[in-house]
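Asks: after the sequence you'll find the predicted model.
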Amino acid sequence: MGKVHICDHPLIQHKLTYIRDENTTTKDFRALVDEVATLMVYEITRDLPLQQVQVKTPVTMADCQVISGRMLGLIPILRAGLGMVDGVLKLMPAAKVGHVGLYRDPDTLQPVEYYVKLPTDVLERDLLVIDPMLATGGSANAAIDVLKRRGCSRIKLMCLIAAPEGVASVQKEHPDVDIYVAAVDDHLNDHGYIVPGLGDAGDRLYGTD
Ligand SMILES: O=P(O)(O)OC[C@H]1O[C@H](OP(=O)(O)OP(=O)(O)O)[C@H](O)[C@@H]1O
Ligand SMILES: O=c1cc[nH]c(=O)[nH]1
Ligand SMILES: [Mg+2]
């Protein structure tokens, strides 16, 4: 079963509080989501393998370390996942970005696929699927299915807020995928919204309703 990592760094939790607050403006919401994405990537990349290198400092040769040749593919689930892309790219600027367009049908809560565009070398990359919200898990599962149908493996999922129902669903459907979240909330309401959550992430990022 995939592990669930709660990114409980105080800076992440502090910013998440303002992300949740209904009085936070679209401009501030967007900036905070961007910042939390950066901080979460810092936590997620903690176990990246390093290799030894030598560099010549102005004083002498030094034994140092660099990340050992892993290539990242970043897979935002449109639309709301786009709000986390720049924050991740700040720390992983060489990542390529593949887009998976899904919206959740408001009546059935089932994901509807409308766009997929992936880097040509996606099979060679470690993939990080990003979306602020993991509610029923339908969208994350569908996005991971899109990747696996093309032969991808080595997939992680990063979300700001998850519902327990969504975590359980991804763990069942994709037991090889580790999940990174800033918070696991209480439950889903009758409309499939996370409680207490933050509302509709896409609408809050882009000022739509
Ligand atoms: O876990 P689920 O039950 O599938 O719900 C989560 C999905 O819902 C939201 O997207 P939405 O459908 O609102 O699309 P949007 O990003 O275009 O607003 C969110 O960004 C996730 O993709
Ligand atoms: O709480 C939720 C659930 C799904 N999508 C959102 O944007 N928010
Ligand atoms: Mg939405």
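Replies: Now that the structure is in, tell me what you want to look at. Ligands and ions are numbered 1, 2, ... in the order given.

Asks: now do the SS call for the residue of the chain most remote from its centre.
Replies: Ranked by distance from the centre of the chain (C-alpha atoms, centre = their mean), the top residue is V59, with 41.6 Å. Three-state call for V59 (DSSP: H, G, I helix; E, B strand; the rest coil): coil.

Asks: D107 too?
Replies: Applying three-state DSSP: D107 is coil.

Asks: can you check L128 too?
Replies: strand.

Asks: how deep is it tucked in, by neighbour count?
Replies: Counted by other C-beta atoms under 10 Å, the residues lying close to L128 total 24. From N, CA and C alone the C-beta is placed, and that goes for glycine too.

Asks: still on that earlier bit, so for the residue farthest from the centre of the chain, what's the pLDDT?
Replies: With respect to pLDDT, V59 scores 98.

Asks: which stretches of the protein form helices?
Replies: With DSSP state H applied, the chain shows helices at 10-20, 26-44, 85-91, 138-149, 164-173, 201-206, listed in chain order.

Asks: any idea how far the fourth one is from the middle of the chain?
Replies: Read that as helix 138-149. 13 Å (C-alpha atoms, centre = their mean, to the nearest Å).

Asks: any idea of the mean pLDDT in that helix?
Replies: 98.

Asks: now do the last one
Replies: Taken as a whole, helix 201-206 has an average pLDDT of 98.
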